[in-house]
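Q: Quick one, structure for this:
(one chain, ligands or ions: 1)
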Amino acid sequence: MEFFRLPSICANCGIEPGTNPWTITTSFTNISALTLLGMFFGISIINHRKYTFDVSICGTCRDKILKRLQLRHRISLGCYGTGIMGVLLWLYLAQTNNEDALAHWIVIVVAVWLLILVAHSLLATRIGSFNGKYFKFKNPAFFREFALLNPDLVKPSRQVRQ
Ligand SMILES: [Zn+2]
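A: All right, here's what the predicted structure looks like:
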């Protein structure tokens with residue numbers, strides 16, 4: 001899928017020259033009126049597609065993103081640990097014969113899970129996405145340059161008028 005022209009600046013910071021190739025995988029779910037109609041009849045009509053494309057990023061951004069991905073991976077592993085901790089905590093609370101044990105347990109488990117979810121999504125790297133028709137980039141400078149090079153590949157509202 002290489003039918004677009006890349007700006008020479010880094011797709012992540014939009015400042016440094018982009019020197020390292022970086023592959024972006026973006027999944028896109030198309031939910032239409034047909035999907036809702038399908039749900040009514042118990043049929044799943046969801047158009048789920050995955051797109052992969054390459055951009056260029058600078059060395060600093062690459063290191064930063066790789067570190068974030070590593071941390072994110074560790075958090076995913078931590079989720080399993082939390083599951084085990086949750087069971088142990090339940091065993092402990094059950095022993096205390098406290099009437100509120102279940103309520104306490106639910107509050108703690110939900111709080112921990114929310115914390116993990118928030119951290120996990122904060123660490124997600126979203127440089128850009130493609131929905132099968134248009135590209136979108138988080139960095140405004142890069143997005144602007146991309147729109148200039150590929151006017152047909154960005155939403156008409158984001159096209160740069162010359
Ligand atoms: Zn950069």
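Q: so Asp54 is in which element?
A: In this structure, Asp54 sits in strand 47-57 according to DSSP states H and E.
Q: Could you name the helices and strands sitting against that strand?
A: Applying 3 or more CB pairs under 8 Å, 6 or more residues apart in numbering; DSSP states H and E, one finds that strand 47-57 makes contact with strand 20-30, strand 128-130. Quick note: C-beta positions are derived from backbone N, CA and C, even for glycine.
Q: what number of residues lie near Glu99?
A: 8 (other CB atoms under 10 Å).
Q: what about it, distance to Ala33?
A: 49 Å (CB to CB, to the nearest Å).
Q: wait, does stretch 131-141 contact the ion?
A: No: against the ion, stretch 131-141 shows no contacts by CB under 5 Å from the ion, the least distance being 8.5 Å.
Q: Spell out which parts of this structure neighbour the ion.
A: 10, 12-13, 16, 58, 61.
Q: For those residues, give me TSV that also has neighbour count and distance to Gly128.
A: Compiled in TSV, the residues of the chain next to the ion are given as follows (neighbours: other CB atoms under 10 Å; distance: CB to CB, whole Å):
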residue	neighbour count	distance to Gly128
Cys10	26	12
Asn12	26	9
Cys13	16	13
Glu16	14	17
Cys58	21	15
Cys61	24	13
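Q: Show me the longest helix that occurs in this protein.
A: helix 59-95 (DSSP state H).
Q: orientation of the very next helix or strand once past it relative to helix 59-95 in degrees?
A: Sequence-wise, the next helix or strand downstream of helix 59-95 (DSSP H and E) is helix 101-122. On the basis of axes from the mean of the first three to the mean of the last three CA atoms, to 10 degrees, helix 101-122 is oriented at 170 degrees to helix 59-95.
Q: for helix 101-122, the distance to its chain's centre please.
A: Its chain's average C-alpha position is 20 Å from that of helix 101-122, according to CA atoms, centre = their mean, to the nearest Å.
Q: and what of stretch 131-141?
A: With CA atoms, centre = their mean, you get 14 Å for stretch 131-141.
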